[in-house]
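In: Quick one, what's the 3D model for this:
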Amino acid sequence: MLSDRRPILLANARIVDPSRDLDFAGDLLIAEGVIREAKRGIHAAGVPEGTEVVDCDGRLVAPGLVDMRAFIGEPGAEYRETLASASQAAAAGGVTTIVCQPDTDPVIDDPAIVDFVLRRARDTAIVHVQPMAALTKGLEGHELAEIGLLKAAGAVAFTDGAKSVVNAQVMRRALAYAGDFDALVVHHTEDPNLIGDGVMNEGEFAARLGLFGIPKAAETVILERDVRLVALSRARYHAASITCEESLAVLRRAKEAGLAVTAAASVNHLALNEIDIGPYRTFFKMAPPLRAEEDRVALVRALGEGLLDVVMSDHNPQDVEVKRLPFAEAAPGAIGLETMFAAGLRLVHNDDMKLITLLKAMSTRPAELLGLQSGTLKPGSPADVIVADIDAPWVLDPDQLKSKCKNTPFDEARLQGRVLRTIVAGRTVFEYVSG
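Out: Presented below is the predicted three-dimensional model:
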């Protein structure tokens, strides 16, 4: 694997830059950690001495992916995932920036913990790691965290991770407080009281399996409330994981009203549905749960038209001790850093959307929302770049994944599209070697 920072010329490529709505055949030159040029006809004779010239043979060159929602166990649950292992998985999947969640031990609700994560990532990770900090102290939903201090320490957004802030007054204050600092509030929209004992999507399939269901109202009730609170505070708000058609209607009204409301869907909810659970397959147990096929189709349509802003992995490693259990008792969550792009390409190969639309939702748009300089191939921007063969067929072998845990819903799935090279800040941090 190459690790130096010598100039790189990615020649004879299909260059897709969602930040400028560009898709053309050309070349891309990287030098001193930034993108120098992206155009047709950069000749090898005119590049700096010592430049590595890579013939891409028409393969994709695009901005590195920005995964806006990933749980990493460090600090406190390193047995599930570390910053080092997560970054290796990310690089193999074309993710050049991981946005990690605050539900660690200790919780990322103190500037010193933000600093620890950033320093630890600099020392051990091979991709960029950007921490989200807690919205409330201890993720308990009662007392607001010090948003101003946490942002100054380097937090890129604020969330209570996999928990919803149930108290509407606390949420209103959090939005108002965040608005003072132009901070992005990212919220998990699931009412725990409506979830109750539910473990999968409420409906006929859950009834057939004899499992308690989670109604879609658990999501839409919280989202509807949040949108109304955003109208009071005028803060920037992002719904962390939208899963159903009813929530899309709420999102559409919010955007039409001119509110600063955005939303993401996980690649799992775009590629899978509740039927995939089959005979109680716990690797398909997620929070929020996989929904019906009509909801999945609605999400894909919303992404294609730009109503949904972001696609994220919702990477949540769980070990065998909490996954190899009866479905109702198993922990929710699936890994996804390494498979997000390949699974998302299913939508492109099925002609559900254009490649540039998918890349925008996985790179440009999350970077914009978080105030990052990545997600673009503009000259002068950081050289976070991927090279991929979007047509390469392969079968996923969980044992080959780089995450510490192997709880992937794409176990032995046939995928089409593989990342061949990942470049972070001008350095090649991953190269695919066949066999």
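In: my read: residue 200 touches residue 206, true?
Out: Yes: using CB atoms under 8 Å, residue 200 is in contact with residue 206, at 5.2 Å. Placement of C-beta: from N, CA and C, glycine included.
In: Compare the two (neighbour count), which wins?
Out: Higher neighbour count among residue 200 and residue 206: residue 200, with 24 against 19, using other CB atoms under 10 Å.
In: which residues touch the more buried one?
Out: Listed by CB atoms under 8 Å, 6 or more residues apart in numbering, the contact partners of residue 200 are 206, 209, 211, 213-214, 274, 277, 285, 289-290, 327.
In: cool, and residue 129?
Out: By CB under 8 Å, 6+ apart, the contact set of residue 129 is 72, 83, 86-87, 97-98, 100, 117-118, 121.
In: Give me the buried entries from the contacts of residue 200.
Out: 206, 209, 211, 213-214, 274, 277, 285, 289-290, 327 (16 or more other CB atoms under 10 Å).
In: just curious, which of these is nearest to residue 12?
Out: residue 290 (40.3 Å; CB to CB).
In: Please report the distance of the residue at the greatest distance from the centre of the chain from residue 53.
Out: When each C-alpha in the chain is compared with the mean C-alpha position (CA atoms, centre = their mean), residue 45 comes out farthest, at 39.0 Å. Distance, residue 45 to residue 53, using CB to CB, to the nearest Å: 10 Å.
In: And residue 410, by the same measure?
Out: Counting by CB to CB, the gap from residue 410 to residue 53 is 34 Å.
In: Buried residues in stretch 370-381, which are they?
Out: Buried positions in stretch 370-381, judged by neighbour count with 16+ other CB under 10 Å: 370, 372, 374-377, 381.
In: Find the residues that touch each one of residue 200 and residue 206.
Out: Residues touching both residue 200 and residue 206 by CB under 8 Å, 6+ apart: 213, 274.
In: Please identify which of residue 410 and residue 53 sits among more neighbours.
Out: Higher neighbour count among residue 410 and residue 53: residue 410, with 24 against 15, using other CB under 10 Å.
In: got the contact list for that one?
Out: So residue 410 contacts 339, 342-343, 396 (CB under 8 Å, 6+ apart).
In: and if you look at residue 26?
Out: By CB under 8 Å, 6+ apart, residue 26 lies in contact with 13, 15, 38-42.
In: Would you mind checking these for buried ones?
Out: Taking 16+ other CB under 10 Å as the criterion, what is buried in the contacts of residue 26 is 13, 15, 38, 42.
In: Now distance to residue 253 too, for those, in JSON lines please.
Out: What follows is the buried ones among the contacts of residue 26, written out as JSON lines (distance: CB to CB, whole Å):
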{"residue": "13", "distance to residue 253": "41"}
{"residue": "15", "distance to residue 253": "37"}
{"residue": "38", "distance to residue 253": "38"}
{"residue": "42", "distance to residue 253": "47"}
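In: Kindly present those residues as a markdown table, with separate columns for distance to residue 169 and pLDDT.
Out: Below are the buried ones among the contacts of residue 26 laid out as a markdown table (distance: CB to CB, whole Å; pLDDT from 0 to 100):
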| residue | distance to residue 169 | pLDDT |
| --- | --- | --- |
| 13 | 53 | 98 |
| 15 | 50 | 98 |
| 38 | 49 | 93 |
| 42 | 57 | 88 |
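In: Go through those residues and flag which are in strands.
Out: Judged by DSSP state E, the buried ones among the contacts of residue 26 include 13, 15, 38 as members of strands.
In: Show me what the last one bridges to in the sheet.
Out: Partner residues in beta bridges with residue 38, using DSSP bridges, are residue 28.
In: now, among the contacts of residue 26, which is nearest to residue 151?
Out: Proximity of the contacts of residue 26 to residue 151 (CB to CB) peaks at residue 38, which lies at 32.2 Å.
In: My read is that the closest one contacts residue 20, right?
Out: No: between residue 38 and residue 20 there is no contact under CB under 8 Å: 9.2 Å.
In: Now list whatever residues contact both of the two.
Out: 377-378.
In: Packing partners of the longest helix seen in the chain?
Out: For the chain, the longest helix by residue count, based on DSSP state H, is helix 217-233. Helix 217-233 sits against helix 168-180, helix 192-195, strand 236-239, helix 245-256, with contacts defined as 3 or more CB pairs under 8 Å, 6 or more residues apart in numbering; DSSP states H and E.
In: rewinding a little: out of the buried ones among the contacts of residue 26, which one sits closest to residue 67?
Out: Nearest to residue 67 among those, with distances taken as CB to CB, is residue 15, at 22.0 Å.
In: What distance do you get for the closest one to residue 428?
Out: Distance from residue 15 to residue 428, by CB to CB: 18 Å.
In: Show the buried residues in the contacts of residue 410.
Out: 339, 342-343, 396.
In: Could you dump the residues you listed into a markdown table and include distance to residue 196?
Out: Output for the buried ones among the contacts of residue 410, formatted as a markdown table (distance: CB to CB, whole Å):
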| residue | distance to residue 196 |
| --- | --- |
| 339 | 31 |
| 342 | 35 |
| 343 | 30 |
| 396 | 34 |
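In: Could you work out the most separated pair of these?
Out: Greatest spatial distance among the buried ones among the contacts of residue 410 (CB to CB): 343 and 396, at 9.4 Å.
In: okay, and the common contacts of the two?
Out: Common contacts of residue 343 and residue 396, defined by CB under 8 Å, 6+ apart, comprise 410, 415.
In: Tell me where the stretch 51-200 of the chain has strands.
Out: With DSSP state E, counting those that start in this stretch, the ranges of strands along the stretch 51-200 of the chain come out as 52-55, 60-63, 65-70, 95-100, 128-131, 133-134, 158-159, 184-187, 200-201.
In: Am I right that residue 344 is in a helix?
Out: Yes: under DSSP: H, G, I helix; E, B strand; the rest coil, residue 344 sits within a helix.
In: For it, give me its contacts.
Out: Residue 344 touches 267, 270-271, 311, 358, 362, counting by CB under 8 Å, 6+ apart.
In: Which one (most neighbours) among these?
Out: residue 311 (31 neighbours).
In: Export the buried residues of stretch 370-381 to JSON lines and append columns for pLDDT.
Out: Output for the buried residues of stretch 370-381, formatted as JSON lines (pLDDT from 0 to 100):
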{"residue": "370", "pLDDT": "98"}
{"residue": "372", "pLDDT": "98"}
{"residue": "374", "pLDDT": "97"}
{"residue": "375", "pLDDT": "98"}
{"residue": "376", "pLDDT": "98"}
{"residue": "377", "pLDDT": "98"}
{"residue": "381", "pLDDT": "98"}
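In: Farthest-apart pair in those, please.
Out: The most widely separated members of these, counting by CB to CB, are 370 and 377 (18.1 Å).
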